[in-house]
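[1] sequence first, predicted coordinates after that:
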Amino acid sequence: MADSPEEIQKSIRKYLWIGALLILFTIITVALSYVELPTHSLNILVGMIVATFKAALVALIFMHLNHERPLIYKVLAFTTVFALALFMLFIFTSGDPLVFEGF
Amino acid sequence: MSATTHDSKQGADHGHDHHEPGFIGKYVFSTDHKIIGVQYAVSGLLFLLLGFFLMLLMRWSIAFPGQEVPGLAFVEKLPLLGPIFHEMIGRWAPGGVVNGELYNMLGAMHGTIMVFLGIVPLGFAGFVNFVMPLQIGTIDMAFPRLNMWSYWLFLVSGIMMLASFFVGTGSVQTGWTMYSPLASTTTLAVTNIWMHGHTWWLLAMVFNISASLLGSVNVITTVINLRAKGMSWMRMPFFCWAMFVTSFLLLLAFPPLEVAALLQLVDRVFGASFFLPTGLMEGGQHLDIAGGGSPLLYQHLFWFLAHPEVYVLILPAFAILAEVIPANTRRPLWGYKSMVYATLTLGFLSFLVWAHHMYLTGMGTMMSTYFQITTVLISVPSVILLTGLMISLWGGSIRFTPQMLFASAFLPMFGIGGLTGLPLAFTFIDLALHDTYYVIGHFHYVVAPGTIFALFAGVYHWYPKITGRYMSDKLGKLHFWPSLLGMNLVFAPMFIQGMGGFHRRWYDGGKYFEQTSGVSNFWTELNSSIFGLFGMEVPNNLLGLNVLMSVGAFILALGQVPFILNVFLSIKGGRKTNSDNPWHCTTLDWATPTPPPHGNFDFEPVVVRGPYEYSVPGIDQDYFPQWEIEPGKAAPVPAGAPASAPAHH
Amino acid sequence: MDIPYTVSARPDTGLYNAKIGIWLFLASEVMLFGGLFSSYIFLRVGADYHWPVHELNVTLGFINTLVLIASSVTVVMAWASLKLRRIGQFKLYMLITVLCAGVFMVNKTFEYKAKFEHYAVKLTDGTYLTGHLPEGYEIKFGEVGDLTLTVQARTSAIDADPVDYVLPFLAGGEARFKTEDGSEIELNETTFADLREKALAKAATEGKNNAAIKLVPTSPLAFKAKPGKILGYNATTMTFRDGSIATGKLTDDSMVLEVDGVDTRSVPDAEKSLAWNAGYLGDAWKKAFVENRDHHLKAFEEKYGDRRDPKKSATLQKEAFFMHLHSATPEAGHGDDHGEKKAAAGAPAEHGDAHHAHHPVVKIDKKDIAFYSNFTPKLNTYYAIYFTLTGLHGLHVVAGALVLAYFLFMDGRRLRENPEHLANRVEVGGLFWHFVDLVWIFLFPLLYLL
């Protein structure tokens, strides 16, 4: 049982460490955004990777997703799939990748 | 206590010892799931009636464009109602004639009211609140106070929506889909943008969506955590399964609509250009906007909700029928498990088909092909559900109670609606049929004689549990037959007109588009000669069908009178039920006293078998309730047993 | 008769009710912000202008990020303390969390306020001038000959309401008019109602749905209005938002702008931008601009050679073609932002009045203005999504803080009698709070940095 007093006592230090880590990564994000990578898209990609890592720390440690019940994971898995579908919207603005050149 | 069926003790106090709230606490700001369910259902029915009334005005204008609506002048002269009606509708209809502006308002509000304020509150919120906690054997929803908030937020949204008729600009006029840029720019020149019907519509939607979210969180949590002992997932009645999936659709699909509504609100109120492209002109002038947005973004966000919304409308219908049909055929529900899995698949796939509403936006062949495939795929689980219900009829000795009449009419009606949808799934056919009456006919067959019939069935089915009295059979039949006739007269000709090219938004019913609408065929000839038998002259062309449809609409309207009478008169005058389980059902909602008191059960229900054990060989009665170990004897509460016993089939 | 599993977990699911509830709610929140982020991508991919990079106040955003991270730590510590029944610590941590929310919102207010006071003007050739409007921007209209009000028989979107929509813009003269029947009135609510009734009665006899009321001022009259407050105007007429039309003469519609930035990124040839016209910034600033641009282009060339395409570097484009003006004349202070990043980051406007003397003031002809707005959602889709996202996020911060403050200040009885239940509530409130932090983790780089 991860919610026992002993476990909680142990995780308090962990929370502080994660907090410090998050601040460190925030500084890294800001610094990286001023570095000129070959393309700006690459800057965005790197920035998003760092942000995702930070978000994962918050979700896993602070929100206890590292030891949650299966049910919560199931709900979140479905949500993630649908959210990804939602993120695909922008693809519809670009041209049609399928081109017919006669039959 | 271990009583299973109770002798009817009308007025006897089944209540437990607890603090008795006053009238307001008990019936108005109640946290009891049953009261909230009834509140939802009654509000939903009233909104359905209002939406229906708006449709009658539209139908009149379509069949007899430019002619005075009969009775409009009379209503305006009524003492109290008259001025209200004048402010709402009358002021837009000079001389009693529905003009284009009013028609657009009626169209937009008919759609909005029917979908968001009628069917979802009645079919989903009403039934799920009343029935689901009873069926899974718990005392209330997981968050009773949240449940109350959900209802009142919904009511606020409904009132705002109605109030939008009364603001200076009248209600919203851009169809229930509110497509930008039209919806973002029309009448931007109004004196006060906050006092615009459209702004109110958007705000009302934000409330409505919040209400749905609270409701669905509540339903899902209740189903997951509050099931009675022994109620394993696969012993749960199909009703709860379907509602469970519906809740997920509401939970995850509504937020994108909220986004769309918010962004459109920002566009309208703060002058942003989320949905407005660069260089947009109106009336020959460049608008004072930055541009750079995209109308397509709105459509995507809208349909990302609105397609799952279709299943939010239809799944409650299946949920109700899965209770009504086995109870009246005295046969188990055929293919319970496959129906459960079909529902889950349906829920999942419904998120991945939205752009089939947008084939004509030029999104490209590959994307259309993808959505074409998913759309055709989703018809598979739908067919499984329909087939399951249909085969459940096989070999049953069917009792044709009013609810069974509606249920059996649902099957072919929904079948027509579903099958006519298939051609629309294909891009190349959709090119021709998009935005025609064919589409209107298709989805109305799904939701009107489909869902609404199922909702009627549900009302007839659970009415004895709510009030302790049956609804009248005679009035029920008098309700059913005109409804069936009316529905088909209204919607079937739409297919013919739609294939003839009738556009869905003609307020004059196509009178000014003679080239398309002046065509005649076998059906128009039949139509005009039948009217000829009654001495009425109806043109022998597609326009003539408008008259037939409007006659159908008025038959449908008359058909609802017995229902309204039935609902009200039966409260006091209906035949009393002589048992807590008058239909001899197997599910836990019939194990409670009638009407169920606060706290529902007077014994702790323990579930020992599946939900549809009808006509089980070897026992005397033709039903074997979920909570009985042998007929008439409730299962004992296992001492120290886990809350959920292992399932075995 | 209590609802089961409010405090303890149900054995087979291992969860108490509120925890399932909050995760479901968060799932729907994911879809809500997912929709907004998706809109962000959609708009950015389809943007037909230069998407702003490092244009917001990075320092403020950075501080706010730290504040939110700190509050995330304290809220989880508060929960842990309560679980261990260290009540004093619990209260302290909760208090810090709520205070952090306050600091966040105060910062946000400063940030928003600066944006509202700062303007951007798009010239017809695509050049953007940013700056402040010391006098606001108003259209002056004089020598009013007559005023025509259109009243509708039935309520309509546009119905004459001169008291609310015309008279506020009076900038000289009195609201005294001669009506068509020759009598002289002072226009106010009563006299207008009277006029309206008469005009409609007359229209009704003619079978019309609307009527026009023509008023002639008895003394010289002038109007002054912000363009957004009226419907439109041209050289001889001015149309108010209630549909009333005044005839007369346009006296002045030019805009006085204290320029603090010239953005020529959308102009094909920056040296030919309208901004360098003699009446506007002139040749001296043009020279400064060219120097600045060449400096940055050269530095980029030296650093990367052929390996990078200067057209594809958002930062370079911004540094070279978006010049910030820090002095009234180019000679006074030019050159101090060479190669410095802070010039870009510190969007002006946060410095108060003394600052204004440090910018050139130009008078822009109306014919050269294509569009103008302050830095609000109207300006472009970037600011629209910025305000929507951060505004909605701000609402979540406020709501979360209120809930946590409730647990801290109003839930004392539960703390004494059923601390385990309160711990559950704090955990649930904390989950929401972490989610708010999580959204910000993505918002900060997307809006402020990249």
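    Looks like it arrived, so ask away. Numbering: from 1, shown residues only, chains lettered A, B, ... in the order given.
[2] all contacts plus neighbour counts: C-alpha atoms, from now on.
    Will do.
[3] leaving out sequence neighbours, find the closest residue to residue C:308.
    residue A:38 (6.3 Å; CA to CA, 6 or more residues apart in numbering or on different chains).
[4] give me the element the one you found is part of.
    Assigning secondary structure by DSSP states H and E places residue A:38 outside every helix and strand.
[5] could you check the pLDDT of it?
    Reading off the confidence values, residue A:38 has pLDDT 83.
[6] thinking it is in contact with residue C:311, fair?
    No: if you go by CA atoms under 8 Å, residue A:38 and residue C:311 don't touch, sitting 11.7 Å apart.
[7] so for those two, which sits in the more crowded spot?
    Looking at residue A:38 and residue C:311 with other CA atoms under 10 Å in any protein chain shown, you find the greater number of neighbours at residue A:38, namely 14 against 9.
[8] dump the residue contacts of the spatially most central residue of chain A.
    Centroid-nearest residue in chain A: residue A:52, 2.7 Å away (criterion: CA atoms, centre = their mean). Counting by CA atoms under 8 Å, 6 or more residues apart in numbering or on different chains, residue A:52 makes contact with residue C:442.
[9] could you do residue A:42 as well?
    So residue A:42 contacts nothing (CA under 8 Å, 6+ apart).
[10] hmm, 10 Å instead?
    A:36, A:48 (CA atoms under 10 Å, 6 or more residues apart in numbering or on different chains).
[11] then residue C:176?
    Here residue C:176 is in contact with C:184-188, C:215-221 (CA under 10 Å, 6+ apart).
[12] go with 6 Å
    C:185-186, C:217-218 (CA atoms under 6 Å, 6 or more residues apart in numbering or on different chains).
[13] mind checking how far it is from residue B:314?
    According to CA to CA, to the nearest Å, residue C:176 and residue B:314 sit 64 Å apart.
[14] dump the longest strand belonging to chain C to CSV, restricted to CA.
    As assigned by DSSP state E, the longest strand anywhere in chain C is strand C:139-152. The C-alpha coordinates for strand C:139-152 follow below in CSV (Å, rounded to 0.1, in the frame of the first residue of the first chain):
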residue,chain,number,x,y,z
ILE,C,139,-12.4,60.6,-35.7
LYS,C,140,-13.4,64.2,-35.7
PHE,C,141,-16.4,65.2,-37.7
GLY,C,142,-17.8,68.7,-37.9
GLU,C,143,-20.2,71.1,-39.6
VAL,C,144,-23.1,68.6,-39.1
GLY,C,145,-25.8,69.4,-41.6
ASP,C,146,-28.5,67.0,-40.4
LEU,C,147,-29.0,63.8,-38.5
THR,C,148,-31.2,61.0,-39.8
LEU,C,149,-32.6,58.4,-37.4
THR,C,150,-34.2,55.2,-38.7
VAL,C,151,-36.8,53.7,-36.4
GLN,C,152,-38.2,50.2,-36.9
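[15] ok, that strand: who's next to it in the sheet?
    strand C:210-217 (antiparallel), strand C:223-225 (antiparallel), strand C:245-252 (antiparallel) (DSSP bridges).
[16] need phi/psi at the residue most central in space within chain C.
    With distances taken as CA atoms, centre = their mean, the residue of chain C nearest its centroid is residue C:376 (2.2 Å). Torsion angles at residue C:376 (phi, psi; degrees, to the nearest 10) stand at phi -120, psi 180.
[17] so what's the residue count around residue A:74?
    11.
[18] the helix or strand where it lies near chain B at all?
    Using DSSP H and E, residue A:74 falls within helix A:70-87. No: applying CA under 6 Å from any CA of the partner chain, one finds helix A:70-87 separated from chain B by no less than 6.8 Å.
[19] what pLDDT is listed against the residue nearest to the centre of chain C?
    pLDDT, residue C:376: 93.
[20] look up how far chain A lies from it.
    24 Å (CA to the nearest CA, to the nearest Å).
[21] how about the residue nearest to residue B:286 when sequence neighbours are not counted, phi and psi?
    Nearest non-adjacent residue to residue B:286, counting by CA to CA, 6+ apart: residue B:280, 6.1 Å away. Taking degrees, to the nearest 10, you get phi -70, psi 130 for the backbone angles of residue B:280.
[22] just give me how far the helix ranked longest in chain A sits from the chain centre.
    In terms of residue count, the longest helix belonging to chain A (DSSP state H) is helix A:5-33. Centroid separation for helix A:5-33 versus its chain: 15 Å, with CA atoms, centre = their mean, to the nearest Å.
[23] only the buried residues of that helix, if you could.
    A:8, A:11, A:15-16, A:18-20, A:22-23, A:25-26, A:29-30, A:32-33 (16 or more other CA atoms under 10 Å in any protein chain shown).
[24] circling back: so the residue nearest to the centre of chain A sits in a helix?
    Yes: counting by DSSP: H, G, I helix; E, B strand; the rest coil, residue A:52 is part of a helix.
[25] for it, give its distance to chain B.
    Applying CA to the nearest CA to residue A:52 and chain B gives a distance of 22 Å.
[26] what is the burial count for residue C:173?
    What residue C:173 shows, counting by other CA under 10 Å, is a neighbour count of 13.
[27] and the residue of the stretch 251-400 of chain B that's closest to chain A?
    At 4.8 Å from chain A, residue B:364 is the closest residue in the stretch 251-400 of chain B, using CA to the nearest CA.
[28] and the gap between that residue and chain C?
    Distance from residue B:364 to chain C, by CA to the nearest CA: 16 Å.
[29] okay, buried residues for the one helix or strand residue C:443 maps to please.
    Assigned by DSSP H and E, residue C:443 belongs to helix C:419-443. Under the neighbour-count criterion of 16+ other CA under 10 Å, helix C:419-443 has C:419-420, C:422-443 buried.
[30] ok, and of the buried residues of helix A:5-33, which contact chain C?
    A:19, A:33.
[31] closest to residue B:459 among the buried residues of helix A:5-33?
    residue A:8 (51.7 Å; CA to CA).
[32] which pLDDT value belongs to that closest one?
    Confidence score, pLDDT, at residue A:8: 87.
[33] what do you get for the one 4 residues further on?
    Turning to residue A:12, the model gives it a pLDDT of 91.
[34] ok, it to residue C:89 distance?
    12 Å.
[35] residue C:68 too?
    19 Å.
[36] those two - which one has more neighbours?
    More neighbours surround residue C:68 than the other of residue C:68 and residue C:89, with 25 against 17 (other CA under 10 Å).
[37] can you show me the CA trace of stretch B:163-170 as PDB?
    C-alpha atoms of stretch B:163-170 as PDB (Å, rounded to 0.1, in the frame of the first residue of the first chain):
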ATOM      1  CA  ALA B 163     -34.700  34.000 -23.500                       C
ATOM      2  CA  SER B 164     -32.700  34.500 -26.600                       C
ATOM      3  CA  PHE B 165     -36.000  34.700 -28.500                       C
ATOM      4  CA  PHE B 166     -36.900  37.800 -26.500                       C
ATOM      5  CA  VAL B 167     -33.800  39.900 -27.000                       C
ATOM      6  CA  GLY B 168     -33.900  42.700 -29.500                       C
ATOM      7  CA  THR B 169     -32.300  40.700 -32.300                       C
ATOM      8  CA  GLY B 170     -34.400  37.600 -31.900                       C
END
